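K.L.:
Predicted model and sequence below, questions to follow.
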Amino acid sequence: MTPWIIPIFLPHQGCRQRCLFCNQKMTAQHMPSPQAVRECIHDSLHHLSFPKEERKKQVAFYGGSFTSMNHEVQISYLSEVQPFISSGMIDSIRLSTRPDGLSEETLTILKGYGVKTIEVGVQSMVDDVLLRSERGHTAKDSSSAILRLKERGFEVGVHLMVGLPGDSCDQFLNSLDQIINLKPDFVRIHPTLVLKGTTMEELWKLGKYSPLTLEEAIQWLKKGVLQLEKASIPIARIGLQPTKELEENLLAGPFHPALHQLVESALFYDMAEVLLQKYLDGARAVLICHPKDLSNLKGQKNTNLITLKERFGLQDLRIEENKEVRRGSLLLKTSSEISCLDRMELADSDINRGLKRACSLREDPIVPDHPLN
């Protein structure tokens, strides 16, 4: 069961430079003092909507690069959580940071103060992409950080992005392969967006950067999801949380409040297409899935069903749910037989090779050369 998170936002703290895609205005919210952290935890625990013993509880420091702050500041915030850990009201701490902000001394401090989970902003494992994005670290820094965190017994999360300057689908998938080999505990994937007040906005206006369309992002992410699932690495999130600040600052890019669901629906469409291509023997068919996969199979506003019905000229296409069907699997019932396709079979099917070709149609979301030259 995923832990219940009490988020503490430390906007832009510890960041050594401003990345190409970063909008400081969006992170320019109130900076809480260490003392305010204790009040926030008290309030959050008071408003728990489930028994306190039911789920693990973590205090999470988000919004910047926690471990790049000086040690005294880190300790001042971590110390405020200690009474709650000692009393058993809070189980542990999680934080987000840069891959080049994890010295051995820092890791010792974090371990001593009850930090369990560290989310590392890797973004890409391609050095040219990192350079163009002005990240200030290398792929080697990321590999080293993940390995050292695992050696120290931390739970490790990795953040990646699709559509960064100079990236391509093949390079994104290669980044995923490298991350998979490092065996993190979970992965988050975010779309690259053009936001007001960023260097990316200037490049976009000059025609030097072209963000992925929503459909292109889904094509990249479908393949990535299959790679991660095949490696049994959990996906904590795909996409960004919709906020008023994001809505006010968004200029372009593949944002959708339910991006993960769009990717899942697209994968179920592909599975249904494979089954119908191979086994359809008339003008009627029934697709059967686990109840929890029902909305993904239908697609938003039933778009999957409508499109499949038109694509294959079906008079009738019905959906049934069955708890006995494994999650991520799909059954097709025709007049003569019942056929099944598992999610991992899709990873090796012709349709997935087609996905790779579709990904490659958009090789590089940035016009050659860097920034404003």
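P.N.:
Arrived safely, thanks for sending. Not measured: the values here are computed from a predicted model.
K.L.:
next one: phi and psi at residue 335?
P.N.:
phi -70, psi -20 (degrees, to the nearest 10).
K.L.:
again, but for residue 236
P.N.:
phi -70, psi -30.
K.L.:
Where does the record place the domain boundaries for the protein?
P.N.:
4-257, 263-358 (automatic domain parsing).
K.L.:
Save those as a markdown table, and put in mean neighbour count and mean pLDDT too.
P.N.:
C-beta here means a position set from N, CA and C on the backbone, and glycine is covered the same way. Converted to a markdown table, the domains of the chain look like this (neighbours: other C-beta atoms under 10 Å; pLDDT from 0 to 100):
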| stretch | mean neighbour count | mean pLDDT |
| --- | --- | --- |
| domain 4-257 | 18 | 91 |
| domain 263-358 | 16 | 89 |
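K.L.:
Residue 139 against residue 129, yeah?
P.N.:
No - using C-beta atoms under 8 Å, residue 139 is not in contact with residue 129; the gap is 9.0 Å.
K.L.:
In contact with the residue nearest to residue 259 when sequence neighbours are not counted, which residues?
P.N.:
Spatial nearest neighbour of residue 259, excluding adjacent residues (C-beta to C-beta, 6 or more residues apart in numbering): residue 239 at 3.2 Å. Counting by C-beta atoms under 8 Å, 6 or more residues apart in numbering, residue 239 touches 189, 190, 191, 255, 256, 257, 258, 259, 260.
K.L.:
And for residue 200?
P.N.:
20, 21, 165, 192, 194, 209.
K.L.:
Double-check that the first one belongs to a helix.
P.N.:
Think residue 20. No - counting by DSSP: H, G, I helix; E, B strand; the rest coil, residue 20 is not found in a helix; it is coil.
K.L.:
ok now do it, which residues does it touch?
P.N.:
Contacts of residue 20 (C-beta under 8 Å, 6+ apart): 132, 133, 134, 165, 198, 199, 200, 203, 371.
K.L.:
any idea how far it is from residue 141?
P.N.:
18 Å (C-beta to C-beta, to the nearest Å).
K.L.:
what do you get for residue 294?
P.N.:
Counting by C-beta to C-beta, the gap from residue 294 to residue 141 is 43 Å.
K.L.:
and residue 346, what helix or strand is that in?
P.N.:
Here residue 346 sits within helix 343-347, counting by DSSP states H and E.
K.L.:
Residue 317 pairs with what?
P.N.:
residue 285 (DSSP bridges).
K.L.:
do the same with the one 4 residues further on
P.N.:
According to DSSP bridges, residue 289 are recorded as the beta-bridge partners of residue 321.
K.L.:
all strands for this structure, in order.
P.N.:
Secondary structure of the chain, counting by DSSP state E: strands at 4-9, 57-62, 92-97, 115-123, 155-162, 186-191, 194-195, 235-238, 250-252, 284-289, 316-321, 330-333, 338-341.
K.L.:
which stretch among those strands comes nearest residue 267?
P.N.:
Closest of the strands of the chain to residue 267 is strand 330-333, at 9.7 Å (criterion: C-beta to C-beta).
K.L.:
So which elements touch the closest one?
P.N.:
When contacts are defined as 3 or more C-beta pairs under 8 Å, 6 or more residues apart in numbering; DSSP states H and E, strand 330-333 sits against helix 259-279, strand 284-289, strand 338-341.
K.L.:
CA atoms only for the longest one, dumped as PDB, please.
P.N.:
Listed next in PDB are the C-alpha coordinates belonging to helix 259-279 (Å, rounded to 0.1, in the frame of the first residue of the first chain):
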ATOM      1  CA  LEU A 259      -2.200  11.700 -19.000                       C
ATOM      2  CA  HIS A 260      -1.600   8.300 -17.400                       C
ATOM      3  CA  GLN A 261      -5.200   7.200 -18.200                       C
ATOM      4  CA  LEU A 262      -4.800   8.300 -21.800                       C
ATOM      5  CA  VAL A 263      -1.700   6.100 -22.100                       C
ATOM      6  CA  GLU A 264      -3.500   3.200 -20.500                       C
ATOM      7  CA  SER A 265      -6.500   3.600 -22.800                       C
ATOM      8  CA  ALA A 266      -4.200   3.800 -25.800                       C
ATOM      9  CA  LEU A 267      -2.500   0.500 -24.800                       C
ATOM     10  CA  PHE A 268      -5.900  -1.200 -24.400                       C
ATOM     11  CA  TYR A 269      -6.900   0.100 -27.800                       C
ATOM     12  CA  ASP A 270      -3.700  -1.500 -29.300                       C
ATOM     13  CA  MET A 271      -4.500  -4.800 -27.500                       C
ATOM     14  CA  ALA A 272      -8.100  -4.800 -28.800                       C
ATOM     15  CA  GLU A 273      -6.800  -4.000 -32.300                       C
ATOM     16  CA  VAL A 274      -4.300  -6.900 -32.300                       C
ATOM     17  CA  LEU A 275      -7.100  -9.400 -31.200                       C
ATOM     18  CA  LEU A 276      -9.600  -8.100 -33.700                       C
ATOM     19  CA  GLN A 277      -7.100  -8.200 -36.500                       C
ATOM     20  CA  LYS A 278      -6.200 -11.800 -35.800                       C
ATOM     21  CA  TYR A 279      -9.400 -13.400 -34.600                       C
END
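K.L.:
so residue 291 makes contact with residue 324?
P.N.:
No - using C-beta under 8 Å, residue 291 is not in contact with residue 324; the gap is 10.5 Å.
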